[in-house]
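Visitor: Everything below, folded, please.
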Amino acid sequence: MIGEYIHPSALLCTDTATNYKKFAKLKGLQHETINERQKQRVKKGIYHIQHVNNFHNRLKTWMERFQGVATKYLDNYLYWFRWLELGKKIAFDERVNQMLISTCQKSNKITVNQLRGIV
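Guide: A predicted model of the protein is given here:
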């Protein structure tokens with residue numbers, strides 16, 4: 001599924017899990033591994049997985065408040081988290097302004113599938 005979204009010229013940078021190695025070979029991708037167990041954080045001065053680890057930590061911390069979610073609703077929670085993450089980049093005054101404008105507009109029912117097309 002995710003392989004459809006990765007350009008053939010992309011470089012895959014992962015931890016040492018064997019499934020990534022197999023995936024890279026299957027898709028013909030260049031692959032750099034980071035061995036965190038050996039305290040390796042950066043490879044060749046440019047390759048690292050710290051952004052992914054940070055994102056995973058933020059997602060995990062945010063999800064803990066729900067004390068577990070049903071698998072059938074997982075997509076909804078992930079889109080909610082993504083919406084919150086994108087909102088962080090908008091200045092506070094602008095977010096308040098957008099909320100006020102949104103409350104004055106007429107109700108618009110939107111489905112999760114429609115939201116997927118937006119993000």
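
Visitor: ok, which stretches of this protein are helices?
Guide: Under the criterion DSSP state H, the chain contains helices at 18-27, 50-64, 74-87, 92-104, 112-118.

Visitor: how about the ones you listed in JSON lines, adding distance to residue 4 and mean pLDDT?
Guide: Every C-beta, even on glycine, is put in place using the N, C-alpha and C of the backbone. Shown next, in JSON lines, are those (distance: least, CB to CB, whole Å; pLDDT from 0 to 100):
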{"stretch": "helix 18-27", "distance to residue 4": "10", "mean pLDDT": "88"}
{"stretch": "helix 50-64", "distance to residue 4": "20", "mean pLDDT": "91"}
{"stretch": "helix 74-87", "distance to residue 4": "17", "mean pLDDT": "89"}
{"stretch": "helix 92-104", "distance to residue 4": "33", "mean pLDDT": "83"}
{"stretch": "helix 112-118", "distance to residue 4": "15", "mean pLDDT": "75"}
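
Visitor: In JSON lines, list those helices along with mean neighbour count and distance to residue 38.
Guide: Below are the helices of the chain laid out as JSON lines (neighbours: other CB atoms under 10 Å; distance: least, CB to CB, whole Å):
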{"stretch": "helix 18-27", "mean neighbour count": "12", "distance to residue 38": "16"}
{"stretch": "helix 50-64", "mean neighbour count": "12", "distance to residue 38": "16"}
{"stretch": "helix 74-87", "mean neighbour count": "13", "distance to residue 38": "31"}
{"stretch": "helix 92-104", "mean neighbour count": "10", "distance to residue 38": "42"}
{"stretch": "helix 112-118", "mean neighbour count": "10", "distance to residue 38": "39"}
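
Visitor: Mind putting those helices into a markdown table with distance to residue 11?
Guide: As requested, the helices of the chain are exported to a markdown table (distance: least, CB to CB, whole Å):
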| stretch | distance to residue 11 |
| --- | --- |
| helix 18-27 | 9 |
| helix 50-64 | 14 |
| helix 74-87 | 24 |
| helix 92-104 | 35 |
| helix 112-118 | 27 |
